[in-house]
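Engineer: make a model of this:
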Amino acid sequence: MGGAAGALARYGADLVFADIALATFFVNLFGVAIAAICLYRFSLSFERELFIVTGFAGGFTTYSAFALLLYDLTLPQAGLYITASLVLSLAIIRVIRAGVR
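Structural biologist: Numbering: from 1, shown residues only. Predicted coordinates:
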């Protein structure tokens, strides 16, 4: 159920963004934020964690679109896209975890 909801949300995001690369970029960053908030800011039951993090966030984000769109970029563009995705994802996690001691 969580995965289906995430996939539908992803479809909606693709309709909002005209560019698939931009949609994938923001969806993946938002998915990281959802997962980090659920894991580090809330005390969720194992079942709810599975539903939201594994199901929804897993269905919402996409590695396959990320990898496929890299193929159509030039090498410098792909390098920038990969670097920005990873650095911003890690920064999001660091900011969310900052309040957890």
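Engineer: now name the helix or strand holding the most centrally placed residue in the chain.
Structural biologist: By C-alpha atoms, centre = their mean, the mean C-alpha position of the chain lies nearest to Asn28, the distance being 2.4 Å. Under the criterion of DSSP states H and E, Asn28 resides in helix 20-40.
Engineer: helices or strands up against that helix?
Structural biologist: Applying 3 or more C-beta pairs under 8 Å, 6 or more residues apart in numbering; DSSP states H and E, we find helix 20-40 packed against helix 2-16, helix 58-60, helix 63-71, helix 75-97. In short, each C-beta sits where N, CA and C put it, glycine included.
Engineer: my understanding was that Leu29 contacts Ile92; is that so?
Structural biologist: Yes. Counting by C-beta atoms under 8 Å, Ile92 is a contact partner of Leu29 at 6.4 Å.
Engineer: using PDB, write out every CA atom in the helix-or-strand element of the chain with minimal mean pLDDT.
Structural biologist: None of the helices or strands of the chain scores lower by mean pLDDT, DSSP states H and E than helix 63-71, at a mean of 88. Only the C-alpha atoms of helix 63-71 are listed here, as PDB (Å, rounded to 0.1, in the frame of the first residue of the first chain):
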ATOM      1  CA  TYR A  63      17.100   5.000  -8.800                       C
ATOM      2  CA  SER A  64      16.200   3.600 -12.200                       C
ATOM      3  CA  ALA A  65      15.100   7.000 -13.600                       C
ATOM      4  CA  PHE A  66      18.100   8.600 -11.900                       C
ATOM      5  CA  ALA A  67      20.400   6.100 -13.700                       C
ATOM      6  CA  LEU A  68      18.600   6.300 -17.000                       C
ATOM      7  CA  LEU A  69      18.600  10.000 -17.300                       C
ATOM      8  CA  LEU A  70      22.300  10.200 -16.600                       C
ATOM      9  CA  TYR A  71      22.900   8.200 -19.800                       C
END
